[in-house]
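Student: task: produce atomic coordinates for the following.
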Amino acid sequence: MSFSVFTGGTRSLTPRCDAGPTLTAWNLVMQRQLRWIGHVIRMQSNRLPRRILYSELQHGQRAPGDQKKRFSDHVKAILKKCSIPPDQLEILASERVAWKDVCEEGLTAFDTNYDQEAEASRARRHMITSTPASGPRCHISL
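Tutor: Take a look at the predicted model:
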């Protein structure tokens, strides 16, 4: 239940429970990144952002202290989290409306997985704290 959205028009602070899910910060960041990736893919191939998206290091090695992950590696990680196949990225992002639908479905899948993982983590954490400490037991009864 989200209490962050209130009824409009009046100054009443009555919470609206039918406002829908509240977006997490992760969800908002990933939504913006997916939208930008689709935008870049639809650009002409001579544009700088698209060239950078597909660029690789031509000569030499990474300098000590530089990033170990390229932006394309980050894109693949985002797509994996959202259950979007990376090998179909070009095809899916080429049509704007279809890409928007794919992104919404992917973010929904991410939220579901995120909630399930958080709940499993809570359950593991509580299970660990609720088990009695193992160790030597006293044989004396009172």
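Student: pull the distance from the worst-scoring helix or strand of the chain on mean pLDDT to the chain's centre.
Tutor: Of all helical and strand segments in the chain, the minimum by mean pLDDT, DSSP states H and E falls on helix 48-53, at a mean of 84. Counting by CA atoms, centre = their mean, to the nearest Å, helix 48-53 is centred 23 Å from the centre of its parent chain.
Student: just confirm E56 is within a strand.
Tutor: No. According to DSSP: H, G, I helix; E, B strand; the rest coil, E56 belongs to no strand; its state is coil.
Student: show me what the least confident helix or strand of the chain is packed against.
Tutor: helix 25-41, helix 71-81 (3 or more CB pairs under 8 Å, 6 or more residues apart in numbering; DSSP states H and E). Any C-beta I mention is one placed from the backbone N, CA and C, and that applies to glycine too.
Student: looking at these, which is nearest to I91?
Tutor: With CB to CB as the criterion, I91 lies closest to helix 25-41 of those, at 9.8 Å.
Student: tell me which residues are up against the closest one.
Tutor: 23, 49-50, 53, 75, 78, 81-82, 89-90, 93-94, 96, 99-100, 103, 106-107, 110-111, 114 (CB atoms under 8 Å, 6 or more residues apart in numbering).
Student: mean confidence (pLDDT) on it, please.
Tutor: Throughout helix 25-41, pLDDT has a mean value of 91.
Student: and it, how far out from the chain's middle?
Tutor: 10 Å.
Student: quick one on the thing from earlier: make CSV from the helices and strands packed on helix 48-53 and add distance to I140 and mean neighbour count to it.
Tutor: Below are the helices and strands packed on helix 48-53 laid out as CSV (distance: least, CB to CB, whole Å; neighbours: other CB atoms under 10 Å):
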stretch, distance to I140, mean neighbour count
helix 25-41, 53, 16
helix 71-81, 55, 15
